[in-house]
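Visitor: next input, structure requested:
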Amino acid sequence: MSRADQINPIDLLLKLFRTFVANGAADRCLPQHLANITAENIHVVGAGKAAAAMARATEKHFARPISGIVVTRYGHAVDCSYVDVIEAAHPVPDEAGAAAAKRIVESLVNLDQTALVVCVISGGASALLALPDHPLTLEQKRSITRQLLKAGANIEEINCVRKHLSAVKGGKLMQKISPASALTLCISDVVGDDPSVIGSGPTVADPSTCQDALAILDKHQVTVPKTVRSRLLSGELETPKPHDPVFEKSSVIVAAKPSACLKESAALARKLGLRAINLGAAIKGSANEAAKEHADLIRLMLSQSPNQEPFVVLSGGETTVKVTGNGKGGPNTQFILALSLELQQTAQAYAIACDSDGIDGTENNAGALLRPDALQRAKELGLDPQEHLDNNDSYQFFKELEDLIITGPTLTNINDFRAVYVVPNQAWIKQKFKTQKPALCHDSAGVLKFIQLL
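Guide: Numbering: from 1, shown residues only. Just a heads-up that it's a prediction; the model follows:
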């Protein structure tokens, strides 16, 4: 009996996900970057789903009174001794986020050149640190955010627009921190780990332009007020660039990266005796397309070696959903539902797809599980998987199957996690691939490059 025969697939998938999340926890990734700080006057500010946990980890490290204010999503607060924690709405900003941003800016006014501002930023900061630039109102900013989300804009596009419509993002917060110094610690939730994109980079120089923001708005047919369009066209809403002297006293560290966390999950799978194929943390684009690409890869691997042992395919990144229906569900549950249809009869496939922050889209689940009998159980319950997929109603589909994964807030945010555990169905493989080879995957997800290395 091989070691793979002794593995409970669902337990395995959950362990891999927990390992991924644990390696992005604030108390694991921050302390090493605080060790050499000698400043006496330390002030903490920040925003994001992990901001409160990051503030607490900073407090624990110094073990002495420090000051500060951070804003996090509702339900993501933790007790801090010295740093004030404010909760606000995500992904569409609210008045609480705007009030928190104003308080953060006000807290910086009296800092001098001897002060060090530790700025803790994680995914979610863009919506939570909501201080629209004049003349944009908070309600107008909400409308623009909703339109971009519904259109399926990716995080880089959304944050580019946010930076140019904000009084604090895109390096503008650093302008308010000066003459104090700043150390920005980031937990990355973006493909490529670019600090200027993480949380819209409030203390980081911004290479994007007003013209870039306008192009994104036009691409997704987003309606904006004429006054805002006019200020973007004129360049009045431009962000500070890398050569700006305000960044001379600013340093930035990405303390947790999704790619490193994914490697730890792959290492665990290999330790358990499995072949683990790590596609990396750069998968992005449509959730449906990502499901097809994963399925294509699995079919190709099975066609090349039908007698192989069970294996696991892992990936990270961030997929999107262009909403055309009126159902509920985020990109991870959409991915799992699409994958269930793609892998029909191919093999015994178990899969997990979850957002590392514990919230997939706007619902209460982190993601969902796929079991080999999912479509059969759906049929018995009178559920049409294709209909649910087309209606963007993956949440209700997996709720009926009792296969939603509900973790609550994880207090970190290192992007999405996917793992597919495959037990080859050898009889089907031999019959299917006797006359037919599966299509190659699209290289947009980096999968084709991997196939060439098999």
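Visitor: could you use CA atoms for every contact and neighbour count after this?
Guide: Noted.
Visitor: just read off the phi/psi values of the closest residue to Lys322 other than its chain neighbours.
Guide: Spatial nearest neighbour of Lys322, excluding adjacent residues (CA to CA, 6 or more residues apart in numbering): Gly152 at 4.3 Å. Here is the backbone geometry of Gly152 (degrees, to the nearest 10): phi 80, psi 20.
Visitor: hey, where'd the helices end up in the stretch 351-454 of the chain?
Guide: 374-380, 385-390, 394-401, 426-432, 447-452 (DSSP state H, counting those that start in this stretch).
Visitor: out of the ones you listed, which gets the lowest mean score?
Guide: For these, the weakest mean pLDDT is recorded on helix 447-452, namely a mean of 35.
Visitor: list the contacts for Asp390?
Guide: Thr324, Gly325 (CA atoms under 8 Å, 6 or more residues apart in numbering).
Visitor: repeat the analysis, applying 10 Å as the threshold.
Guide: Val323, Thr324, Gly325, Asn326, Gly327, Gln334, Ala338 (CA atoms under 10 Å, 6 or more residues apart in numbering).
Visitor: how much space separates it from Leu339?
Guide: 14 Å (CA to CA, to the nearest Å).
Visitor: picking that back up, greatest separation within the contacts of Asp390: which pair is it?
Guide: Asn326 and Ala338 (17.0 Å; CA to CA).
Visitor: which one's more surrounded, those two?
Guide: Ala338 (24 against 11; other CA atoms under 10 Å).
Visitor: ok, that one touching Ala290?
Guide: Yes. The criterion here is CA atoms under 10 Å, and Ala338 meets it with Ala290 at 8.9 Å.
Visitor: span of stretch 109-127 from start to end?
Guide: 23 Å.
Visitor: from the contacts of Asp390, which ones fall inside helices?
Guide: Among the contacts of Asp390, DSSP state H puts Gln334, Ala338 in helices.
Visitor: need the buried ones from the contacts of Asp390 selected in ChimeraX.
Guide: The following ChimeraX line selects those of those that are buried, judged by 16 or more other CA atoms under 10 Å:
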select :323,327,334,338
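Visitor: just curious, which of the contacts of Asp390 is nearest to Ile144?
Guide: Val323 (15.5 Å).
Visitor: distance check, Thr58 against Val204.
Guide: Relative to Val204, and taking CA to CA, Thr58 is found at 20 Å.
Visitor: who's more crowded, the two?
Guide: Val204 (28 against 23).
Visitor: for the spatially most central residue of the chain, list the residues it contacts.
Guide: The centroid of the chain falls nearest to Asn415 when counting by CA atoms, centre = their mean (2.8 Å). Going by CA under 10 Å, 6+ apart, Asn415 touches 21, 24, 123, 187-191, 257-259, 281, 316-319, 354-357.
Visitor: chain neighbours aside, what residue packs nearest to it?
Guide: Asp189 (4.5 Å).
Visitor: so the one you found sits in a helix?
Guide: No. Asp189: not assigned to a helix; according to DSSP: H, G, I helix; E, B strand; the rest coil it is coil.
Visitor: what is the burial count for Leu131?
Guide: Using other CA under 10 Å: Leu131 sits among 26 other residues.
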